[in-house]
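Chemist: any chance you can model this:
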Amino acid sequence: MSVDYFNSIIKPMLLGAQMTVLLFLIVIVLSIPLGFILTLAVRSRFKPLSWLTQIYIYVMRGTPLLLQLLFICFGLPMIPVIGDYLVLDRFVAACLGFILNYAAYFAEIFRGGLLAIDKGQYEASQVLGLNKWQTMTRIILPQMFRIALPAVANESVTLVKDTALLYAVAVPELLHYAQTAVNRDFTIVPFFIAGIIYLIMTLLLTVLFKWLERRFKFD
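Modeler: I've put the predicted structure just below:
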């Protein structure tokens with residue numbers, strides 16, 4: 001493989017990697033708070049809200065992300081009467097699908113984190129005279145996030161790899177440019193380069209979360 005050929009394929013692939021990183025950042029920033037809101041909704045004493053949220057989480061976790069992306073991109077516009085108003089930009093539609101899907105997974109992670117906290121923590125907070133808001137923000141949430149961090153890290157790494165699904169809805173990302181180069185040049189080298197770029201991104205993310213775990217004294 002010549003240097004000129006490498007330069008000719010690496011530039012568009014890095015451009016696609018920017019799309020991958022952009023999607024990752026948008027989904028992480030929006031799906032984590034939404035996931036926590038869903039966790040609170042599941043634990044709500046208002047049973048209809050709790051049931052509806054549980055059904056939502058079950059559906060999003062029980063069906064393939066690819067199917068959800070295809071439905072949002074191509075299915076929503078086919079709905080009678082209102083379909084014309086549901087036509088979204090492909091990247092926007094993909095972001096929406098990823099956010100809704102990953103929020104459901106983060107909701108289960110946070111729920112597990114809350115369940116792992118000993119009930120004595122709540123009782124101790126009452127003894128100290130803390131109200132419900134103070135108990136949640138000062139005692140419960142910090143512990144929940146510390147417990148949930150390893151699972152959040154795992155889901156985040158999975159998200160980086162799942163961004164390749166953008167290829168299926170015609171959003172030009174890293175895999176799209178790799179596949180284009182393979183079809184054009186009849187060589188698998190672009191696939192290897194794409195794999196290395198994914199590995200670098202997941203490595204950086206893993207290092208970041210390992211630092212966060214040490215920062216919060218998980219080791």
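Chemist: could you use CA atoms for every contact and neighbour count after this?
Modeler: Will do.
Chemist: going along the chain, name the helices of the protein.
Modeler: Listed in chain order, the helices found in the chain under DSSP state H are 3-42, 47-62, 65-70, 90-115, 119-127, 132-134, 141-162, 174-185, 189-215.
Chemist: now, of those helices, which is deepest in the fold?
Modeler: Scoring the helices of the chain by mean neighbour count under mean count of other Cα atoms under 10 Å gives helix 90-115 as the most buried, with a mean of 22.
Chemist: and the pLDDT at the residue nearest to H176 when sequence neighbours are not counted?
Modeler: Distances taken as Cα to Cα, 6 or more residues apart in numbering put Y167 closest to H176, at 5.6 Å, once the chain neighbours are dropped. pLDDT for Y167: 85.
Chemist: please apply the same query to K217.
Modeler: Confidence at K217, expressed as pLDDT, is 67.
Chemist: likewise for M1?
Modeler: pLDDT, M1: 59.
Chemist: can you check P142 too?
Modeler: So P142 comes in at 82 (pLDDT).
Chemist: likewise I99?
Modeler: 97.
Chemist: hmm, back to that, the residue nearest to H176 contacts A178, doesn't it?
Modeler: No. With contact defined as Cα atoms under 8 Å, Y167 and A178 do not form a contacting pair (10.5 Å).
Chemist: returning to what we had before: looking at the helices of the chain, which is nearest to P80?
Modeler: Closest approach to P80 among these is made by helix 65-70 (17.3 Å; Cα to Cα).
Chemist: who are the packing partners of that closest one?
Modeler: helix 90-115 (3 or more Cα pairs under 8 Å, 6 or more residues apart in numbering; DSSP states H and E).
Chemist: how many degrees apart are the helix it packs on and helix 141-162 in direction?
Modeler: Using axes from the mean of the first three to the mean of the last three Cα atoms, to 10 degrees, the direction of helix 90-115 lies 140 degrees away from that of helix 141-162.
Chemist: which ones are touching the most centrally placed residue in the chain?
Modeler: Against the mean C-alpha coordinate of the chain, by Cα atoms, centre = their mean, the closest residue is Y102 at 4.4 Å. Y102 makes contacts with V27, S31, I32, G35, as judged by Cα atoms under 8 Å, 6 or more residues apart in numbering.
Chemist: how far away is it from T137?
Modeler: 24 Å (Cα to Cα, to the nearest Å).
Chemist: can you check F192 too?
Modeler: In terms of Cα to Cα, F192 sits 46 Å off from T137.
Chemist: cool, K11 as well?
Modeler: According to Cα to Cα, K11 and T137 sit 46 Å apart.
Chemist: residue contacts, G83?
Modeler: Counting by Cα under 8 Å, 6+ apart, G83 touches L76, P77.
Chemist: no wait, L30
Modeler: For L30, the contacting residues are I99, by Cα under 8 Å, 6+ apart.
Chemist: between the contacts of Y102, which sits nearest V182?
Modeler: Using Cα to Cα, the contacts of Y102 come closest to V182 at V27, 29.0 Å.
Chemist: let me know the pLDDT of the residue of the chain positioned farthest from its centre.
Modeler: Using Cα atoms, centre = their mean, the residue of the chain lying farthest from its centre is V127. It sits 38.3 Å away. Turning to V127, the model gives it a pLDDT of 71.
Chemist: now it: how far from L76?
Modeler: Taking Cα to Cα, one finds V127 at 52 Å from L76.
Chemist: ditto for I193
Modeler: 35 Å.
Chemist: same question for I196.
Modeler: Applying Cα to Cα, the value for I196 to L76 is 36 Å.
Chemist: many thanks, we can stop here.
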